[in-house]
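Undergrad: everything below, folded, please.
(chains A, B, C and D)
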There are 2 protein chains.
Amino acid sequence: MPRAGLNQQTVVREAARLADEVGYGQLTLAALASRLGVALPSLYKHVRGADALSQKLSALATAELATELTTAAAGRAGGDALRAMADAYRDYARRHPGRYPATQRVPDPADPEHVVAGERAVGAIFAVLRGYGLSGDDAVDATRALRSALHGFVSLEAGGGFGLPRDVDRSYHQMVAGLDASFRRWPGADQPGRGGAGLAGAGEWSYPSARD
Amino acid sequence: MPRAGLNQQTVVREAARLADEVGYGQLTLAALASRLGVALPSLYKHVRGADALSQKLSALATAELATELTTAAAGRAGGDALRAMADAYRDYARRHPGRYPATQRVPDPADPEHVVAGERAVGAIFAVLRGYGLSGDDAVDATRALRSALHGFVSLEAGGGFGLPRDVDRSYHQMVAGLDASFRRWPGADQPGRGGAGLAGAGEWSYPSARD
DNA sequence: CGAGCTTGGCTAATGAGGTTAGCTTCCTGG
DNA sequence: CCAGGAAGCTAACCTCATTAGCCAAGCTCG
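TA: You can find the predicted model right below:
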């Protein structure tokens, strides 16, 4: 029996590919094992179990998303940055329909890479909002509003929640335009010098104590 | 053996209660049967299976949500109506953490009550937006933005996605204030006479052809 | 009243998926 | 070269969903 030569990274990466193909809810250890050409219990040499695989997938997907958001916003400011980031967000969700839902899982405090990925994602959003002069509590509120709108839209879209023929792209752009207008008038906007940068938003992606 | 006296309605209602207690993802035919004091296969006399139960639960929850949204908006207009409806939406999601996720399932075209519930829910949102002078495509865009923001917020909140100490109620109210401001300046706002009322929004809650 | 049918319960059996235990074999470091 | 850890495997068991088929409760109607 030649060995398959797996390790945790190859397993998690294949899980991500499989999830994109069959859907996050249909990601199963059995299907993953057969895709990797090993027996199901062999996977336990690389991941602790189904839940741990989900968590690692979440870390991977969150890191990817954070990178794409950061890249999209780089070199842009204000409405430009917002639109670019919003497009990147929806784009990621559509290109990776199986990974995207994994990004909504709360980071595991015991997995530093996962925690850092969440912080990078929120950090990218914070950075865009700083372009509107937002910081501190106002930026937290704005971040929540932005994440809510983007996540809500892409998850409704993915779930088939938009039935009417009206162009979905147009609706998205209109929503983002509304967000841009709101942030320009947001409490605290364009009142610089109210808060520092640095680890802005650290901890906001997750709420570890809410785990059950 | 005395009979348990179940019927579809009692089964679905108990499923709703159970889902609220243990979580939508933990709703299982086995747990439901034991809660109802019958053997698992007995449930098949009342529901076709696990998926059909989810669908019926979705119909129930969507109808409840539609009623609460409609009630909240009744007798109010503009920003008042928007705020009341937004509060009702979040309130429902928090009081019924197990039913709420079920409302995101696409209505089953074969279940008229389910379809009607979805139409009532979107209709309530449309009615509020009419108070901003919105109709037609502009109202569709605005409905999508509103649903996205509300759904995104409550699902991030339920998932523990808000980690920082900043008051979540305050963030929600700020987001709703932003939506109010956006709708007042929305394309088409306060330009009446552009579209009719009636079955406005019918079909928007669902996208049956997207089912797989 | 009671014969019989419909119905709502049951047990048994099957199958998918996850998990654990414990065995074997590859292959690398000393 | 060979010892031991790592990476496979099979077997066994658990939970849950589903289907088949049996049986009795209790209603309907002669």
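Undergrad: point out the residues in chain A that sit beside DNA strand D.
TA: A:1, A:3-7, A:37-39, A:41-42, A:44-46 (CB under 7 Å from any atom of the strand). Placement of C-beta: from N, CA and C, glycine included.
Undergrad: get me the contact residues on chain A for DNA strand C.
TA: A:1-3, A:28-31, A:40-41, A:44, A:48-51.
Undergrad: please identify the buried residues of stretch A:132-149?
TA: A:132-135, A:137-149 (16 or more other CB atoms under 10 Å in any protein chain shown).
Undergrad: now, those that are in helices?
TA: With helices taken from DSSP state H, the overlap with these comprises A:137-149.
Undergrad: from those, pick the one nearest B:Phe153.
TA: Relative to B:Phe153, the closest of those is A:Ser148; by CB to CB it sits at 3.9 Å.
Undergrad: quick one: contacts for that closest one?
TA: Counting by CB atoms under 8 Å, 6 or more residues apart in numbering or on different chains, A:Ser148 makes contact with B:Ser148, B:Ala149, B:Leu150, B:Gly152, B:Phe153, B:Leu156, B:Met175.
Undergrad: quick one: it from A:Arg13, how far?
TA: Using CB to CB, to the nearest Å, A:Ser148 is found at 30 Å from A:Arg13.
Undergrad: repeat for A:Ala93
TA: 19 Å.
Undergrad: out of the two, which sits in the busier spot?
TA: A:Ala93 (21 against 14; other CB atoms under 10 Å in any protein chain shown).
Undergrad: tell me how far that one lies from DNA strand D.
TA: Using CB to the nearest atom of the strand, to the nearest Å, A:Ala93 is found at 28 Å from DNA strand D.
Undergrad: my read: that residue touches A:Gly152, true?
TA: No. With contact defined as CB atoms under 8 Å, A:Ala93 does not count as touching A:Gly152 (11.4 Å).
Undergrad: in chain A, which spans are helices?
TA: Assigned by DSSP H, chain A shows helices spanning A:8-22, A:29-36, A:50-73, A:78-95, A:112-130, A:136-158, A:168-184.
Undergrad: shaky segments in chain A?
TA: Applying pLDDT under 70 to chain A flags the ranges A:1-2, A:191-201, A:206-212.
Undergrad: again, 80 this time
TA: Residues of chain A meeting the criterion pLDDT under 80: A:1-4, A:165, A:190-203, A:206-212.
Undergrad: for chain B, give me its nearest residue in it.
TA: A:Gly152 (2.7 Å; CB to the nearest CB).
Undergrad: state the distance from that residue to A:Phe162.
TA: Distance of A:Gly152 to A:Phe162, computed by CB to CB: 12 Å.
Undergrad: which residues sit in contact with A:Thr67?
TA: A:Arg120.
Undergrad: try the one 5 residues further on
TA: Contacts here follow CB under 8 Å, 6+ apart; on that basis A:Ala72 touches A:Ala81, A:Ala84, A:Met85, A:Asp87, A:Ala88.
Undergrad: repeat that with 10 Å
TA: A:81-89, A:91-92, A:124, A:128 (CB atoms under 10 Å, 6 or more residues apart in numbering or on different chains).
Undergrad: okay, now A:His151: neighbour count?
TA: 24.
Undergrad: next one: A:Asp20
TA: A total of 17 residues lie near A:Asp20 under the criterion other CB under 10 Å.
Undergrad: against DNA strand D, how distant is the spatially closest residue to it that is not a sequence neighbour?
TA: Excluding the flanking residues, the one nearest A:Asp20 by CB to CB, 6 or more residues apart in numbering or on different chains is A:Gly98, at 4.0 Å. Separation of A:Gly98 from DNA strand D (CB to the nearest atom of the strand): 22 Å.
Undergrad: is it true that A:Gly98 touches A:Ala16?
TA: Yes. Counting by CB atoms under 10 Å, A:Gly98 does reach A:Ala16; the two are 7.1 Å apart.
Undergrad: shared neighbours of those two, which are they?
TA: The contact sets of A:Gly98 and A:Ala16 overlap at A:Leu27, A:Leu57, A:Ala61 (CB under 10 Å, 6+ apart).
Undergrad: now do the contacts for the residue nearest to the second one when sequence neighbours are not counted.
TA: In other words, A:Leu57. Using CB to CB, 6+ apart and skipping residues adjacent in sequence, the residue nearest A:Leu57 is A:Ala102, 4.7 Å away. Counting by CB under 10 Å, 6+ apart, A:Ala102 touches A:15-16, A:19, A:24, A:27, A:54-62, A:65, A:96.
Undergrad: of those residues, which is the nearest to DNA strand C?
TA: A:Leu27 (7.5 Å; CB to the nearest atom of the strand).
Undergrad: now that closest one. Its backbone dihedrals?
TA: Dihedral pair for A:Leu27: phi -70, psi 120, per degrees, to the nearest 10.
Undergrad: can you pull the contacts of it?
TA: By CB under 10 Å, 6+ apart, the contact set of A:Leu27 is A:15-16, A:18-21, A:50, A:53-54, A:57, A:98-99, A:101-102.
Undergrad: list just the nearest of those residues to A:Arg185.
TA: Comparing the contacts of A:Leu27 against A:Arg185 with CB to CB places A:Pro101 closest, at 32.8 Å.
Undergrad: now that closest one, nearest residue through space, not along the chain?
TA: Per CB to CB, 6+ apart, closest to A:Pro101 is A:Tyr24, 4.2 Å.
Undergrad: hmm, A:Pro97 and that neighbour touching each other?
TA: Yes. The pair A:Tyr24 / A:Pro97 is scored as a contact, 7.6 Å apart, by CB under 10 Å.
Undergrad: give me the distance between A:Thr71 and B:Ala93.
TA: 33 Å.
Undergrad: is stretch A:157-167 anywhere near chain B?
TA: Yes. Residues of stretch A:157-167 contacting chain B under CB under 10 Å from any CB of the partner chain: A:Glu157, A:Ala158, A:Gly159, A:Gly160, A:Gly161, A:Phe162, A:Gly163, A:Leu164, A:Pro165, A:Arg166, A:Asp167.
Undergrad: before I go, just wanted to say thanks for your time.
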